[in-house]
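Trainee: Quick check, what structure comes out for this input:
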Amino acid sequence: MLLEDKQELTIEQDLEGWVIDKCTSWRDHFESNYSEKFDEYYRLWRGQWAVQDKTRQTERSKIISPALQQAVESSVAELEEATFGRGKWFDIEDDVADQEKRDIAMLREVLYKDFKKNKIRKSVAECLINAAVFGTGIAEVVLEEEKEFQPATQPVMGGDLQAVGVNIVDKTCVKLRPVMPQNFLIDPLATSIEEALGCAVDEFVPTHLVDQLQEQGVYRNVYVGSAAPDFDIEPDKDLSVFEDDKVRLTKYYGLVPRHLLKAAQEEEEAEEVEELVAPDEDEDTYYVEAIVVIANDGTLLKAESNPYMMGDRPIVAFPWDVVPSRFWGRGVCEKGYNSQKALDAEIRARIDALALTIHPMMAIDATRMPRGSRAEVRAGKTILTNGNPAEVLQPLNFGNVSQVTFAQAAELQKMVQTATGAIDSAGISGSINGDATAAGISMSLGAIIKRHKRTLINFQESFLIPFITKAAHRYMQFNPERYPVADYKFHTSSSLGIIAREYEVTQLVQLLQTMQQDNPMYSQLIMSIVDNMNLSNREELIMSLQQANQPNPQAQQAQQAMQQAQMAFQQSQTAALQGQATESQARAQKLAAEAQAVPQELEIDRIKAITTNIKEGDADDKEFQKRLKISEQLLKEREVAVKEQGKPNADTAQVQRSNQPSQRSIPTPRPEIEGIGNRGPRPQGIPQGEA
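Mentor: Numbering: from 1, shown residues only. You can find the predicted model right below:
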């Protein structure tokens with residue numbers, strides 16, 4: 001459909017009528033699908049009984065088991081502790097190329113200070129409660145102008161006196177207002193705030209708040225009147241409705257037809273029109289992002305284009321557990337609803353049965369009772385009968401209540417804890433293996449931590465980080481002197497909750513028992529254990545441990561001196577051993593040289609012994625041959641003796657003879673045991689040589 005055709009269809013409708021029509025259709029969808037369930041979840045969490053909560057028509061007991069209440073509070077406390085337990089619950093990242101980090105630290109500290117003053121933690125905790133009960137946590141980011149009073153003194157009368165008073169400073173504040181599900185309307189086809197056509201906060205507010213905003217010029221100065229009662233949007237439907245001094249305020253954030261917004265703005269003054277409508281807007285689009293405030297379903301108080309520099313909607317929401325393709329999530333009450341109803345039915349049936357078995361009852365013959373007597377049973381009462389009382393009165397007993405109901409109630413309570421994941425110390429022992437063993441508790445805690453971590457990540461990415469980003473952008477836009485404008489990236493510093501922290505401490509203690517105190521990792525494990533404990537002086541203990549781990553300069557110098565002395569001693573020992581090795585090597589070389597010289601001396605002595613006193617002639621030649629044979633025989637005997645002693649003589653060789661005596665080769669025997677270099681005994685029968 002063309003743009004002109006769309007404008008013709010809505011030309012007869014004003015802006016407030018278009019917004020109210022959308023909100024009415026959205027509310028009809030909510031009431032037909034979610035309203036009744038959310039009311040019952042709220043009653044179960046509060047422990048409030050209603051007639052429609054009966055599990056059977058004859059049920060008389062109105063008790064509600066606190067199992068679901070414990071599950072909600074335990075889950076919310078776990079997430080709240082994981083988010084705010086460490087004090088610093090968010091951090092800021094700057095551009096990597098930016099080397100100046102002081103602006104980051106300043107912005108972080110200023111945001112922490114303003115968030116603490118505006119009680120952001122309290123508002124976030126309330127949103128967590130709403131998410132656990134109804135399945136979705138919703139909050140409105142509100143921008144307010146406040147006057148801050150600061151005590152101060154001022155010199156008067158030329159500085160002789162000091163006047164005491166206050167300085168009034170106008171300050172822009174960003175606050176977080178939790179919104180109940182019955183007070184929030186959204187496009188039924190949307191799964192998030194950003195992709196919806198629009199969303200609205202529909203609630204009752206005091207009349208004086210509207211009057212103050214009209215005086216400040218935020219709202220139009222028109223007559224508002226009183227609101228008609230509407231029980232469906234009351235925050236607590238169990239209280240009586242207060243109908244005086246309240247206005248039904250519908251704040252719409254989203255897309256509206258451009259021509260309807262212009263028509264609404266033309267009713268105001270010309271200068272206000274110039275402020276509200278920017279001259280460079282794209283006129284070709286049919287829808288424009290706007291903020292529309294309507295009082296009592298018909299009085300337009302405010303209509304303007306989105307004034308925020310990022311063009312975002314001032315609403316943040318997150319589901320406790322995501323339901324695919326649906327905006328409304330699944331909370332703790334929805335998870336444990338069936339188990340809680342079964343547990344309530346079991347307990348109420350037991351209480352009703354106790355009323356029949358404990359309280360005394362009488363069976364009476366009505367024909368034999370005096371006229372006008374009251375058949376009551378109480379201590380000291382006298383009952384008149386016409387005849388024998390034993391025949392007229394008879395005690396009536398329905399028996400005893402079965403003891404099985406105790407075990408059944410305990411099992412149903414475990415079912416509630418298992419369904420919600422909020423298992424405390426009472427439910428850990430039987431959740432996995434039925435025994436309170438260390439392995440069973442460890443497995444149970446692992447399952448609990450996984451479920452809590454999943455919800456924690458969903459809460460951080462869908463609610464906490466978007467809120468911090470929106471708040472920082474509001475401050476940058478409306479208070480740039482205090483908040484420098486830059487493209488910062490925010491991320492949360494949430495870690496582990498109480499259960500996860502205790503589980504990690506247990507693992508660290510077990511690991512600590514496996515190592516000695518002189519191990520370098522011992523001090524690191526001690527610091528990790530202290531860091532995971534919820535102690536008031538945790539930071540001081542960590543600083544003390546860090547200081548204790550730093551080495552003492554004097555002790556470090558003494559240790560270095562001892563190490564140097566030990567190294568010098570080891571080097572001297574090494575040098576001494578090397579000198580001994582060199583000396584031994586030289587001695588071995590000397591002995592080897594002497595061993596090589598001994599055979600040559602023996603050969604010389606042998607030749608000298610053979611040729612001594614030998615003259616020319618046949619007799620002398622025979623004598624030479626005789627001596628040579630004797631010498632060879634002695635050499636053979638000595639070789640045999642050497643082999644028998646296990647000392648082979650590798651240098652001994654066979655005597656090679658030639659035709660001429662002067663060319664004979666004489667073997668070179670090894671020296672005898674008498675000593676290296678000593679001559680052996682002369683052969684017998686050989687005369688002593690002459691000089």
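Trainee: just checking, what packs against the one helix or strand residue 589 maps to?
Mentor: Assigning secondary structure by DSSP states H and E places residue 589 in helix 553-611. On a contact count with 3 or more C-beta pairs under 8 Å, 6 or more residues apart in numbering; DSSP states H and E, helix 553-611 meets helix 618-644. Quick note: C-beta positions are derived from backbone N, CA and C, even for glycine.
Trainee: I'd like the average pLDDT over the helix it packs on.
Mentor: Mean pLDDT, helix 618-644: 69.
Trainee: repeat for stretch 526-541
Mentor: Rounded mean pLDDT across stretch 526-541 is 64.
Trainee: Need the phi and psi values for residue 220.
Mentor: phi -70, psi 150 (degrees, to the nearest 10).
Trainee: how far out from the middle of the chain is stretch 57-70?
Mentor: Mean-position distance between stretch 57-70 and its chain equals 36 Å (C-alpha atoms, centre = their mean, to the nearest Å).
Trainee: Could you list the residues in contact with it?
Mentor: 43-49, 53, 332-333, 336-337, 339-340, 343-345, 347-349, 351-352, 355, 412-413, 416-417, 420, 422, 424 (C-beta atoms under 8 Å, 6 or more residues apart in numbering).
Trainee: please redo it, this time with the cut-off set to 6 Å
Mentor: 44-45, 47, 49, 336, 340, 343-344, 347-348, 351-352, 413, 416 (C-beta atoms under 6 Å, 6 or more residues apart in numbering).
Trainee: any idea where the strands of the stretch 301-450 of the chain begin and end?
Mentor: 315-319, 361-364, 393-396 (DSSP state E, counting those that start in this stretch).
Trainee: To residue 180, which of the ones you listed lies closest?
Mentor: Residue 180 lies closest, by C-beta to C-beta, to one member of the strands of the stretch 301-450 of the chain: strand 315-319, at 12.2 Å.
Trainee: what about the helices in the stretch 351-500 of the chain?
Mentor: Assigned by DSSP state H, counting those that start in this stretch, the stretch 351-500 of the chain shows helices spanning 389-392, 404-420, 425-428, 438-459, 465-478, 498-512.
Trainee: which ones are touching residue 508?
Mentor: With contacts defined as C-beta under 6 Å, 6+ apart, residue 508 is in contact with 525, 528-529.
Trainee: where does the stretch 1-150 of the chain dip in pLDDT?
Mentor: Applying pLDDT under 70 to the stretch 1-150 of the chain flags the ranges 1-12, 94-103.
Trainee: all strands of it, in order?
Mentor: Listed in chain order, the strands of the stretch 1-150 of the chain (DSSP E, counting those that start in this stretch) span 90-93, 136-156.
Trainee: List the strands paired with the last one, with their directions.
Mentor: It refers to strand 136-156. If you go by DSSP bridges, strand 136-156 pairs up with strand 161-179 (antiparallel), strand 315-319 (antiparallel).
Trainee: Could you list the residues in contact with the last one?
Mentor: If I follow you right, that is strand 315-319. Under C-beta under 6 Å, 6+ apart, the answer for strand 315-319 is 136-140, 193, 199, 253, 329, 459, 462-463, 466-467.
Trainee: mind saving the C-alpha coords of it as CSV?
Mentor: Provided in CSV are the C-alpha atoms of strand 315-319 (Å, rounded to 0.1, in the frame of the first residue of the first chain):
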residue,chain,number,x,y,z
ILE,A,315,12.9,0.1,28.0
VAL,A,316,15.0,-2.9,28.9
ALA,A,317,13.7,-6.4,29.4
PHE,A,318,15.0,-9.9,29.7
PRO,A,319,13.4,-13.4,30.0
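Trainee: pretty sure residue 199 contacts residue 186?
Mentor: Yes: at 4.4 Å, residue 199 counts as touching residue 186 under the criterion of C-beta atoms under 6 Å.
Trainee: Mind pulling up the pLDDT for residue 335?
Mentor: For residue 335, the pLDDT comes out at 92.
Trainee: burial measure for it, as a count.
Mentor: 23 (other C-beta atoms under 10 Å).
Trainee: next one: residue 515
Mentor: Residue 515 has 12 nearby residues by other C-beta under 10 Å.
Trainee: Just send the strands paired with strand 136-156 back as JSON lines, with mean neighbour count too.
Mentor: Formatted as JSON lines, those follow (neighbours: other C-beta atoms under 10 Å):
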{"stretch": "strand 161-179", "mean neighbour count": "14"}
{"stretch": "strand 315-319", "mean neighbour count": "25"}
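Trainee: worst average pLDDT in those strands?
Mentor: Minimum mean pLDDT among the strands paired with strand 136-156: strand 161-179, a mean of 87.
Trainee: Give me the angle between it and helix 465-478.
Mentor: 140 degrees (axes from the mean of the first three to the mean of the last three C-alpha atoms, to 10 degrees).
Trainee: Over the next helix or strand after strand 161-179, what's the mean pLDDT, rounded is fine.
Mentor: Moving toward the C-terminus from strand 161-179, the next helix or strand (DSSP H and E) is strand 184-186. The average pLDDT within strand 184-186 is 95.
Trainee: Please compute how far the helix or strand following strand 184-186 lies from its chain's middle.
Mentor: Moving toward the C-terminus from strand 184-186, the next helix or strand (DSSP H and E) is strand 198-206. Distance of strand 198-206 from the chain centroid (C-alpha atoms, centre = their mean) equals 36 Å.
Trainee: For the helix or strand following strand 198-206, list every residue counted as buried.
Mentor: Downstream of strand 198-206, the next assigned helix or strand under DSSP H and E is helix 207-216. Of all the residues in helix 207-216, those buried under the rule 16 or more other C-beta atoms under 10 Å are 207, 210, 213.
Trainee: Pick the one among the residues you listed closest to residue 399.
Mentor: residue 207 (62.0 Å).
Trainee: I'd say that closest one and residue 249 touch.
Mentor: No: applying C-beta under 6 Å as the test, residue 207 and residue 249 come out as separate, 10.3 Å apart.
Trainee: worst average pLDDT in the helices of the stretch 351-500 of the chain?
Mentor: Lowest mean pLDDT within the helices of the stretch 351-500 of the chain: helix 425-428, a mean of 47.
Trainee: in the stretch 201-350 of the chain, what spans have low per-residue confidence?
Mentor: Regions of the stretch 201-350 of the chain meeting the criterion pLDDT under 70 cover residues 268-284.
Trainee: Let me see the ranges of the helices in it.
Mentor: 207-216, 258-265, 270-276, 332-335, 337-358.
Trainee: buried set for the fourth one?
Mentor: The one in question is helix 332-335. Buried-residue list, helix 332-335, by 16+ other C-beta under 10 Å: 332-335.
Trainee: Ok, the longest one next?
Mentor: Across helix 337-358, burial judged by 16+ other C-beta under 10 Å covers 337, 339-350, 353.
Trainee: now stretch 21-31
Mentor: The neighbour-count check on stretch 21-31 (16+ other C-beta under 10 Å) flags 22-23, 26-27, 30 as buried.
Trainee: Closest to residue 258 out of those?
Mentor: residue 22 (15.9 Å).
Trainee: Let's see the distance spanning stretch 267-285 from one end to the other.
Mentor: Using C-alpha to C-alpha, to the nearest Å, the end-to-end distance of stretch 267-285 comes to 22 Å.
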